[in-house]
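K.L.:
dropping a prediction and its sequence here:
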Amino acid sequence: MKEPTGYEKLGYVPEIAHVLKAVPMTEQEIFLDLRLPGKTELGHAPGQFVQVSLMGIGEVPISICSSPTRGDTFQLCIREAGTVTHGLHRIARYAQLGIRGPFGKGFPLAELFGRDLVLVAGGLGIAPLRSLITYILDRREDFGRLIVIYGGKNPRTLLFKEDLADWDKRSDVELIVTVDRGDETWQGRTGVATEPLAELDLQAVNTRAVVIGPPVLYRFAAMALFEHGLTPETIFFSLERNFHCGIGKCGHCQLNDLYVCQDGPVFRLARLLDRIEAVEAWAPEEDQDR
Amino acid sequence: MDSHRINQLTHQRINQSRRDTDMKIVAIDKKDWEKGLDRLREAYRLIGPVKEDRYHYFRELPQGQAPDFDFFNTRISAKEIVYPQSEDLFEYTLDETKEDYHLLKEVEKDYSPKAVLGIRPCDAKAVELVKLNFDTDDYKDPYWLRAWEATTFVGLACDSPCSTCFCTTAGCGPYHEEGLDVLLADDGDRYVAKVLTEKGENFMKAAGWTEGAEAEARFESGKSAAEEKIVSTVSTEKLRSADTLALHGNEEMWEDISFSCINCGTCTFVCPTCWCFDIQDEVHGKQGRRMRNWDSCMFPIFTVHTTGHNPRGTKLQRVRQRFMHKLKYFVDKYDAGIMCVGCGRCVQQCPVNIDIRRVCDLMDRYGATDACAVEG
C-alpha cells in the first residue's frame, strides 16, 4: 500500500489482521482471536475499540475483549446484527480482515488502582468489561476488592463461560451472574443485575464502579450505586454509539461538544449529566422512530 | 461569544495568513479577464459558478468557459470543492487469485492546484469553520486537508445580497475576507482584487494580473453599501451564556420548531458548514471501493445502534440536535462563533419553511440578560 506522506496518523487505513481462532460462543456471538502480522501487539488499553473491515461489505466498531497484558493477539466478541457482522460470523480460521484502531479512551486505570471495584455488565457489555477484568486479574495485588456483576437474558446467552467458571473459582473475585429467566439446568440467580448490586456491602469512599450495558441498565445501576453512597464522580459508564470513523470526524457519535469515539467511550458519570442526550437515552425505549 | 470577539478572532486569523504578504489591490480590466483565465489554466484547474437550468452550481470551467458572475449565490454551497458529496477513499479487489486480494489501495486523486472563482465570502468562511473539525491535533483528515491545501479561494464580494442573507450578524459579511486568498469586487469595466495571502499572490501572478490600483475606497464603500442591504438578522450574543440543559429541555419550543419537519435532510445537504459523513463499501463485480458520503443528522438511521436502540429516535430530537450543534455546542466547543455563516440556503430550500433565523433568536433568549455577566 502506498504510504501517504505529510500526515502522521492516517486514521482511515485498515491494517490486515489474521484470524487465529473463530469460535461460536452462543447462537448470536462469535469469538475471534486476531493477530496483526509483523506487529507484536495492537497497543490497546482496556475499554478501547477497533473498526473491523470486511472488504466488500463494510466496517463496524467492535470493543476489544482481551487485555493488553495477554500476549500479542487480541480478541473480539461479535454479535450478529447486520451485514458486516453476518459476514464476520462466517469467517474462517486463517482468513484476513481489516482492523483500524485502537480508538477512544478506555477505563481510567490510574484511578482504579488501589480501590475496591464494582464492575457491572449487561448482555454484550461483558465483552469490553472482560478486557478490564483480565487486566485487573493480571495485576491483582494493585487493586482492592473485585466485584463483578453480570446479567444476561437467559443461560444460553451468557458469554465467556470458561472465564466465568474461572473467575467463580477464585477467592479474590466476587462474581455474581444473574439471568432474567432461568431454564431447567440453571442453578444460579435469576432477576435483573441491579438486584444483587443493591445487596452489596460497600465502602463507598474507596470504591469505583464501572457500568456497561443496554441503555436501561445505566439508569437503574446508577440509582443502586447512589444508594450505596457512590457519586457521579466515582461511577464510570462506557457508552455505545454508532461509530463510523473512530477519529472524531464523521459526526455520528456526537454528544453535545464531545465525540464519544474519541472523548469516550468510557466517561465519568459526572461528565454525562449535563450532556442530557446521554441520560435521555437511558429511558425505557418508547417513542422511538417517530 | 459576542460579535466583538468574533471580529477579533476573525482579524487574528486573517492577519496570520497575511503575515508574509503585503496586502495589495490589483485592477483587472474585464477585457483581460478571459486572457488571464487562459493563463491560469496552465497552472490551475478552474472552478466557478455556472448556470444550469434555473440555478448556479460550481463546475469545472473548461477552456473557453468563464465563470458566470451574474448570480446571487450557488444552489449548493462550495463545501463540495474541498469535500465532495461522495469521495472514493480506497479500492480493492475481491478476486482471490490476485496477489493484492483484499488490500486497500488509496485511490489516486487529483490534488493539483485548483482555484475556485466567485466563491461568496460566506462559503469561504464556512470552509474555515469546517476545517476546525477536519484539522485537529489528534487527527488531520488527509483527504480534506490535501484538497484544501490545493485550493486557492478567489472570492466575489456580494453587492446584491438576497432577502434571506443574514451574514452580517452570523460572524460574516458580504465583503468578509476570512478563508479567502483573493477578494474580487465588480467595479464597472474592471474587477478590483484584494490580494490577501501568498496563495492569492501566486494566483494573481499566474494570471498576469499585476497592475496595482488605488481602490481601497471601492472596497470600503461597497462593503458598507452591501451591509446596509442585509436587513435580515440573528441574535447570537447570548447563546454562549445560555444554559444547555434549559435549552435542551424546552420540549415545547422544540416541538413547535420541529413540528413541520419531514426529515428530508435538505438543510444539511445545502449547508456550507455541515460536515457529517458516512463510510460505505460498494462492490461492482470483483472490484470494491470504500467511499465516504455526506450524511445527515436528520435521518433516523444516523444514530441507530446495533441493538436497534436509537438515542435520537424522534424527529424532535434530531431537529434539536442540528440546531443545538450549530448554535450552542459548536459555540461552546470552539469559541469561534456560531456554526452558520448566514448564507440563507436552508431558509430558502427547506420545503416546510423551518427558519434558522427564528430558531437562533428563540435560543438566544435563553442567555444571560446582562451582557457584562456573559463576558465575566
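P.N.:
Everything's here; your move. Numbering: from 1, shown residues only, chains lettered A, B, ... in the order given.
K.L.:
just the pLDDT at residue 160, thanks.
P.N.:
Defaulting to chain A. Listed pLDDT for A:Phe160 reads 97.
K.L.:
switch to chain B, that's the one I care about
P.N.:
Reported pLDDT for B:Ser160: 93.
K.L.:
wait, doesn't it sit right on B:Lys229?
P.N.:
Yes - at 7.2 Å, B:Ser160 and B:Lys229 qualify as touching, with contact defined as Cβ atoms under 8 Å. C-beta here means a position set from N, CA and C on the backbone, and glycine is covered the same way.
K.L.:
counting neighbours, go ahead and name the busier of those two.
P.N.:
With neighbours defined as other Cβ atoms under 10 Å in any protein chain shown, B:Ser160 and B:Lys229 compare such that B:Lys229 has more, 15 against 11.
K.L.:
could I get the contacting residues of the more buried one?
P.N.:
When contacts are counted by Cβ atoms under 8 Å, 6 or more residues apart in numbering or on different chains, B:Lys229 touches B:Ser160, B:Pro161, B:Pro174.
K.L.:
quick one: the first one from B:Arg322, how far?
P.N.:
Counting by Cβ to Cβ, to the nearest Å, the gap from B:Ser160 to B:Arg322 is 29 Å.
K.L.:
and if you look at the last one?
P.N.:
Applying Cβ to Cβ, the value for B:Pro174 to B:Arg322 is 26 Å.
K.L.:
backbone dihedrals for the closest residue to B:Trp209 other than its chain neighbours, please?
P.N.:
Nearest non-adjacent residue to B:Trp209, counting by Cβ to Cβ, 6 or more residues apart in numbering or on different chains: B:Ile28, 4.9 Å away. Note on B:Ile28: backbone dihedrals following degrees, to the nearest 10 are phi -120, psi 110.
K.L.:
neighbours around B:Ile28, how many?
P.N.:
Using other Cβ under 10 Å, B:Ile28 is surrounded by 21 other residues.
K.L.:
got the contact list for it?
P.N.:
Counting by Cβ under 8 Å, 6+ apart, B:Ile28 touches B:Gly36, B:Leu184, B:Arg190, B:Tyr191, B:Val192, B:Ala193, B:Ala207, B:Trp209, B:Glu211.
K.L.:
can you flag the buried ones in the residues you listed?
P.N.:
Buried members of the contacts of B:Ile28, counted by 16 or more other Cβ atoms under 10 Å in any protein chain shown: B:Gly36, B:Leu184, B:Arg190, B:Tyr191, B:Val192, B:Ala193, B:Ala207, B:Trp209.
K.L.:
show me what the residue nearest to B:Trp209 is bridged to.
P.N.:
Beta-bridge partners for B:Ile28, by DSSP bridges, are B:Tyr191.
K.L.:
and it, what's its pLDDT?
P.N.:
In the predicted model, B:Ile28 carries a pLDDT score of 96.
K.L.:
okay, now the unreliable bits of the stretch 151-290 of chain A?
P.N.:
A:280-290 (pLDDT under 70).
K.L.:
OK, contacts around whichever residue of the stretch 251-376 of chain B sits closest to chain A?
P.N.:
Nearest residue of the stretch 251-376 of chain B to chain A: B:Cys276, at 3.3 Å (Cβ to the nearest Cβ). Going by Cβ under 8 Å, 6+ apart, B:Cys276 touches A:Cys250, A:Gly251, A:His252, B:Thr268, B:Trp294, B:Asp295, B:Ser296, B:Cys297, B:Phe302.
K.L.:
could you list which of these belong to strands?
P.N.:
In this view, the contacts of B:Cys276 that belong to strands under DSSP state E are B:Trp294.
K.L.:
A:Gln51 touches A:Phe103, doesn't it?
P.N.:
Yes - contact criterion Cβ under 8 Å: A:Gln51 and A:Phe103 qualify, at 7.1 Å.
K.L.:
identify the contacts common to those two.
P.N.:
Common contacts of A:Gln51 and A:Phe103 (Cβ under 8 Å, 6+ apart): A:Pro61, A:Phe243, A:Gly246.
K.L.:
in CSV, list those along with neighbour count, distance to chain B and secondary structure.
P.N.:
Compiled in CSV, those are given as follows (neighbours: other Cβ atoms under 10 Å in any protein chain shown; distance: Cβ to the nearest Cβ, whole Å; DSSP: H, G, I helix; E, B strand; the rest coil):
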residue, neighbour count, distance to chain B, secondary structure
A:Pro61, 24, 9, strand
A:Phe243, 25, 10, coil
A:Gly246, 26, 9, coil
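K.L.:
all set now, cheers.
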